[in-house]
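Chemist: I would like to see how this sequence folds:
(2 chains)
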2 protein chains.
Amino acid sequence: MALIVQKFGGTSVADTKRIRNVATRVLKTHAKGNDVVVILSAMAGVTDRLIGLAGEVTETPDRRELDVLLATGEQTTAALLAMMLKSMGHKAQSLLGHQAEVVTDCEYGNARILEIGTNRIKRLLAEQNIVVVAGFQGTDIQGNITTLGRGGSDTSAVAIAAALKADVCEIYTDVDGIYTADPNICPRARKIKEISYDEMLNMASLGAKVLQIRSVGFAKKYNIPVHVRSSFSEEEGTMVVQEDSVMEQLVVSGVTHDLNQARITLKKVPDQPGIAAKIFSPIAEAGILVDMIIQNTRAAGQTDLTFTVPKADYKRAMEMQQRLAETIGTEEVFGDPHIAKVSVIGVGMKNHSGVASLMFNALARENINIIMISTSEIRISCIIEEKYTELAVRVLHTAFGLDRED
Amino acid sequence: MALIVQKFGGTSVADTKRIRNVATRVLKTHAKGNDVVVILSAMAGVTDRLIGLAGEVTETPDRRELDVLLATGEQTTAALLAMMLKSMGHKAQSLLGHQAEVVTDCEYGNARILEIGTNRIKRLLAEQNIVVVAGFQGTDIQGNITTLGRGGSDTSAVAIAAALKADVCEIYTDVDGIYTADPNICPRARKIKEISYDEMLNMASLGAKVLQIRSVGFAKKYNIPVHVRSSFSEEEGTMVVQEDSVMEQLVVSGVTHDLNQARITLKKVPDQPGIAAKIFSPIAEAGILVDMIIQNTRAAGQTDLTFTVPKADYKRAMEMQQRLAETIGTEEVFGDPHIAKVSVIGVGMKNHSGVASLMFNALARENINIIMISTSEIRISCIIEEKYTELAVRVLHTAFGLDRED
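Modeler: Take a look at the predicted model:
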């Protein structure tokens, strides 16, 4: 008998028929003698519909009130599932964020969990209830509703699993696990059986988009095994676990790509102390997330500076730098929104030399030009021209021995 | 400068355009230097849509979870209005039932307000906020969400007005006040300027349907003037006030009718102690509300008993009595769903004799047969054949001098 946290995403609870499937799956786990806590997202599309409603009110909805509005999505599914479980003859109870004592800071729209009081959940479990918690939402210490940001239900699930010291946190979604690459562009991609938290952290941030990245951080911190699997099949998915629990350690575990990048280059920037702050402070204040930054010393007193921003912020960031150019003394500002980032990820590369050169060689053989490079302990990323994305992912997948054998 | 509670019903917040109108109206009151607390219903149709969703899950949704589900309706409109007010440059904040400390018993779906903690509302008002409270919902002492039953937002509004000792509670709705009769069937009906709580209590229960009856009881208990008015015009509506504040006291203030009645007659019931209990206990247990009961002694040891039930429960109640007939010894059970109740209401009748005979004579002149009669201190009701309803209302309206002069 174990304590199992199960989280179901928006497509898994898209209508009452699918909520019935969720109930069946939950009951199956419960029937084996496990304690079950279920975390739900809003029905697919509902959060966007609510954001649209707020958009009818104002272009810049107040963040506190937007959270009050958005929280109704998960409240609805939690009530419906608890109702379903009870109608099937089982003890169940829904809990909203504040009832489950998910206490967060007051950063509306992107709140961070500070602590979770588990008394109420534990009492309900002790009374044989299946506990259904509305994901994505919490409460600040003043009792205001907060939400955890896009994909926040994953974080709710892992944080509640951590607080309860659950045996596993199962994330049910519309894909059946984590793949070595996006199967849509890399037909030989394989499902990964086990992957470490650190690899997953790099996967998620690079566009694998299966798990909210913050939830992986939580899972790592509290060492909660996370099982990513499909709510539409019985098949085992991918276990995200501690590095030393991963059985089969490859040098590279996966190849990811990210098309949501644009590049901005500032040519001949005066190389003076404080210049970087002048360039990046306005961007940070505008809430634009800079990913990669590369600086090449050009000649005495001058430097070239290149950085990447999300595609959606490209125009804004370009205009900002063009306005700044004169005061800073930049000779020229140019950019390119048609780029992609391809990365190879693997904890194995810590103990293997030559991963970078293998990557560069594989790309070179296909005449793919590398525009920028960045590396971390377990990841190497290259910015390339967008049109080569699929080709690059496939050749790297083959080069690192990840292709499925069939 | 006054403290004004304004409640807007479902049609007044049916979409974001109408919520904008509500915001404009609220700001107008606020601009005059008043403190304003706004209570909102769900968008028109939303509560029914949510009940439909629950109906897809099970025919008998768990009441606790149904309340969690239904509460999302008012949460949505409260967030949207607060958002709207803020986008228009004003300080505002939404509060849900538990945040506004609307503490109720735990009778899910039909909870009663036990107390309201006003600290948070008062603090927000002191900080110049317009406070927007989600109507219809509360919390029990365990922190579970409860709802107050159909029309419960009226009760929320009046109870909050009472707790805050507000100067007036304005109920904005889609009609412009209380009329002396239903204008749809009585063209000469007039809008009533002032009406007493007791008259309104009788009006509401008899089908005027403008105010939830419990809200009127609350208003009376705490002596809160209630102003029923249209959210679509600037015109003054009807003030519901203490009896001794009503300026123009007529003998009869209004004529109401109720088509939601069905009659059941038990012929030749043995006249023994405990018989009434045997007849009515099963009906009460089935949750059927009996309105009028009349018993005529027929002959030694036998009696005829007639009572009315809501039309929707007629078939069920008939079957129940037919099953009971043998054990009880009833000779015959028959009924009629095609009846109506017409009533005249007025605190003035306490001090005037002859109201009943004037009513009976007016109906008799039109050959309208009276099937049952019941009276209270300020009301006389007659059950008649359904087809005479409109005619009866009109002749009574004229007979008691209520017709508009034009």
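Chemist: Name the spans of chain A whose pLDDT lies under the cut-off.
Modeler: A:204-209, A:247-249, A:299 (pLDDT under 70).
Chemist: just the helices in it please.
Modeler: Secondary structure of chain A, counting by DSSP state H: helices at A:16-31, A:46-57, A:63-87, A:119-126, A:152-164, A:197-203, A:213-222, A:275-285, A:314-328, A:355-365, A:389-399.
Chemist: nearest spatial neighbour of A:Lys387, skipping sequence neighbours?
Modeler: Nearest in space to A:Lys387, with sequence neighbours left out and distances taken as Cβ to Cβ, 6 or more residues apart in numbering or on different chains, is A:His338 at 7.5 Å. (Glycine included, C-beta is placed from N, CA and C.)
Chemist: now swap in A:Asp271 and tell me
Modeler: Sequence neighbours aside, A:Thr303 is the residue nearest to A:Asp271 in space, at 4.4 Å (criterion: Cβ to Cβ, 6+ apart).
Chemist: Return the distance of that neighbour relative to A:Thr330.
Modeler: Plainly put, A:Thr303 is 10 Å away from A:Thr330 if you go by Cβ to Cβ, to the nearest Å.
Chemist: next one: A:Met320
Modeler: Plainly put, A:Met320 is 12 Å away from A:Thr330 if you go by Cβ to Cβ.
Chemist: A:Gln212 too?
Modeler: From A:Gln212 over to A:Thr330 (counting by Cβ to Cβ), the distance is 37 Å.
Chemist: Can you pull the phi/psi pair for the residue of the stretch 251-400 of chain A found nearest chain B?
Modeler: The stretch 251-400 of chain A approaches chain B most closely through A:Gly287 (19.1 Å), counting by Cβ to the nearest Cβ. For A:Gly287, the backbone dihedrals (degrees, to the nearest 10) come out as phi 80, psi 20.
Chemist: and A:Leu305, how many neighbours?
Modeler: Each residue near A:Leu305 was counted by other Cβ atoms under 10 Å in any protein chain shown, and the total is 22.
Chemist: Contacts only, for it.
Modeler: A:Thr265, A:Leu266, A:Val269, A:Ala276, A:Ile279, A:Ile293, A:Ile294, A:Gln295 (Cβ atoms under 8 Å, 6 or more residues apart in numbering or on different chains).
Chemist: repeat for A:Lys278
Modeler: Taking Cβ under 8 Å, 6+ apart as the contact definition, A:Lys278 lies against A:Leu324, A:Thr327, A:Ile328.
Chemist: got the residues of the stretch 1-150 of chain A near chain B?
Modeler: With the criterion set to Cβ under 8 Å from any Cβ of the partner chain, the stretch 1-150 of chain A comes near chain B through A:16, A:19-20, A:50, A:53-54, A:56-58, A:60-62, A:64-66, A:68-69, A:71-72, A:75-76, A:78-80, A:82-84, A:86-87, A:93-94, A:96, A:98-99, A:143-145.
Chemist: Buried only: go through the residues you listed for me.
Modeler: With neighbours counted by 16 or more other Cβ atoms under 10 Å in any protein chain shown, those contain buried members at A:16, A:19-20, A:50, A:53-54, A:57-58, A:61-62, A:64-66, A:68-69, A:71-72, A:75-76, A:78-80, A:82-84, A:86-87, A:93-94, A:96, A:98-99, A:144-145.
Chemist: Spatially nearest residue to A:His352, not counting backbone neighbours?
Modeler: Spatial nearest neighbour of A:His352, excluding adjacent residues (Cβ to Cβ, 6+ apart): A:Val251 at 4.9 Å.
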